[in-house]
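> Show me the folded form of this:
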Amino acid sequence: MDQSLFTYDIVAEDPKTHARAGILHTPHGDIETPIFMPVGTKANVKGIPTETVKGLGAQIVLANTYHLAMRPGADLIDELGGLHNFMNWHGPILTDSGGFQVFSHNDAVKLTDEGVRFIATDYDGSHVFWTPEDNMAIAQKLGSDICMQLDQCPGYPATRKYVERAVELSSMWAERCYKAHTRPDQALFGIVQGGMHLDLRLRSLKHLEECGDFPGYGIGGYSVGEDHETMFETLEPLVSEHMPRQKPRYLMGVGNPTTLVRAVGMGVDMFDCVLPTRTGRMGTAFSSQGRLNFRNAKFAHDAGPIDEKCTCPVCTGGYSRALIRHMVTQKEMLGGILLSQHNIYFLLDLMRRARQAIIDGRYAEFRDEWMQSAGARDY
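Alright, predicted model coming up:
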């Protein structure tokens, strides 16, 4: 990797919290942090054209290595000029390792020090074996700006012995990924594992720092079944006290508004989650009044927008709550698309406002105002 292509500048730090505003430089553009990253699992953010995603304010999107390796295949994407061309998204892209999806196959997975064998039950039932080197070869063919190491993500609850083994395996694989990764215009992030055990988290981080100069760190293994307070017990000291200051910190798979606001105050820079689009397709919306369920009959005669305080194209475009509810209850696909657009914008705008509060030196007030507002009821 060419280190000069991937630098992280901290432009402001809040005086009362650990929040910081930064700029992550990549070959396909700069990313202002803190940032939420919409997820385009199979090379598209579900139901939303790329130009619309960009218009909502997205600076970077995600795609999933496992799903793209299964269909249409990394070789085909490479043949067609890489993931930026294939997705028609010419800004920064992050690809996760696909490890979470692999391990979600549960009984169809067999682990060894060498790699992971699994059955692609959600595709053609084929038997697949991935080593860390295989995973890096796929990532480099996809050509994202940022890729993630192959890791084992233990769910919750899990025994300490199981989590400890996952840390050992992830650490071993991180070292092999680092050695196998050779693409100069792509950054490889390591992933800190360790479940809800701070000492295991610190062990994981220490090994990552020793095995290579990763330009950034993912924080994996959260939002896998535990409640939010349990997550924060270890996340807060890990990020605010122990993670390198000069590297971006990416909390993986977390996307509800209140968790983002709290985690920014601890020093997290980057987030991703399918939540805004998945909940949108289910008929629910984030709002300044908390989570709204548009299957609820109370919206049937409501001529107002989803959220009067929101300036997204849906809320300012004349789409009433009554219309949204009608489309949701009648399973009209536009209802889920509009709610997805609103939810993505809501999180992007929340992070824009958070960033400005950090720059203004008032993030503690911003966080406290959010926590005391109706919008914090978003779980």
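> dump the residue contacts of residue 68.
Applying CB atoms under 8 Å, 6 or more residues apart in numbering, one finds that residue 68 lies in contact with 42-43, 74, 77, 83, 95, 138, 142. From N, CA and C alone the C-beta is placed, and that goes for glycine too.
> 6 Å instead, please
For residue 68, the contact set (CB atoms under 6 Å, 6 or more residues apart in numbering) is empty.
> how about the strands in the stretch 101-250 of the chain?
109-111, 116-119, 127-130, 146-148, 187-192, 217-219, 249-251 (DSSP state E, counting those that start in this stretch).
> which helices and strands does the very next helix or strand once past the last one pack with?
Later in the chain than strand 249-251, the nearest helix or strand by DSSP states H and E is helix 257-266. Taking 3 or more CB pairs under 6 Å, 6 or more residues apart in numbering; DSSP states H and E as contact, the helices and strands that helix 257-266 lies on are helix 363-371.
> let's see 8 Å
When contacts are defined as 3 or more CB pairs under 8 Å, 6 or more residues apart in numbering; DSSP states H and E, helix 257-266 sits against helix 228-237, helix 333-359, helix 363-371.
> Mean pLDDT per helix and strand in the protein: which one sits at the bottom?
helix 99-103 (a mean of 85; mean pLDDT, DSSP states H and E).
> Run through the residues that contact residue 238.
Counted by CB under 8 Å, 6+ apart, residue 238 has contacts 192, 198, 201-202, 205, 219.
> Counting neighbours, which of those residues comes out on top?
With neighbours taken as other CB atoms under 10 Å, the top of the contacts of residue 238 is residue 192, carrying 32 neighbours.
> Is it correct that that residue is in contact with residue 222?
No: look at residue 192 against residue 222 with CB atoms under 8 Å: they stay out of range, at 10.0 Å.
> Identify the residues contacting the most centrally placed residue in the chain.
For the chain, residue 272 is the residue whose C-alpha lies nearest the centre (CA atoms, centre = their mean; 1.8 Å). Residue 272 sits next to 36-39, 62, 94, 250, 252-255 when contact means CB under 8 Å, 6+ apart.
> Would you format those as TSV with neighbour count, pLDDT and distance to residue 19 included?
Below are the contacts of residue 272 laid out as TSV (neighbours: other CB atoms under 10 Å; pLDDT from 0 to 100; distance: CB to CB, whole Å):
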residue	neighbour count	pLDDT	distance to residue 19
36	27	98	15
37	24	98	18
38	27	98	22
39	24	98	24
62	21	98	23
94	25	98	21
250	27	98	15
252	24	97	19
253	20	96	21
254	21	96	16
255	25	96	18
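> ok, and the closest non-adjacent residue to the residue sitting furthest away from the middle of the chain?
Largest separation from the mean C-alpha position in the chain: residue 301, at 35.9 Å (CA atoms, centre = their mean). Closest residue to residue 301 apart from its sequence neighbours, by CB to CB, 6 or more residues apart in numbering: residue 322 at 6.0 Å.
> mind listing what the one you found touches?
Residue 322 neighbours (CB under 8 Å, 6+ apart): 299-303.
> can you check residue 12 too?
Taking CB under 8 Å, 6+ apart, one finds 20-21, 358-359, 361 in contact with residue 12.
> Next: residue 3.
By CB under 8 Å, 6+ apart, the residues touching residue 3 are 213, 215.
> excluding its backbone neighbours, what's nearest residue 182?
In space, residue 182 is closest to residue 140, 7.2 Å off (CB to CB, 6+ apart).
> thinking again about what came up before, mind putting the strands of the stretch 101-250 of the chain into TSV with distance to residue 230?
Output for the strands of the stretch 101-250 of the chain, formatted as TSV (distance: least, CB to CB, whole Å):
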stretch	distance to residue 230
strand 109-111	25
strand 116-119	27
strand 127-130	30
strand 146-148	24
strand 187-192	17
strand 217-219	15
strand 249-251	15
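> Can you list the helices and strands that the helix or strand hosting residue 54 packs against?
If you go by DSSP H and E, residue 54 is part of helix 50-55. Helices and strands touching helix 50-55, as assessed by 3+ CB pairs under 8 Å, 6+ apart, are absent.
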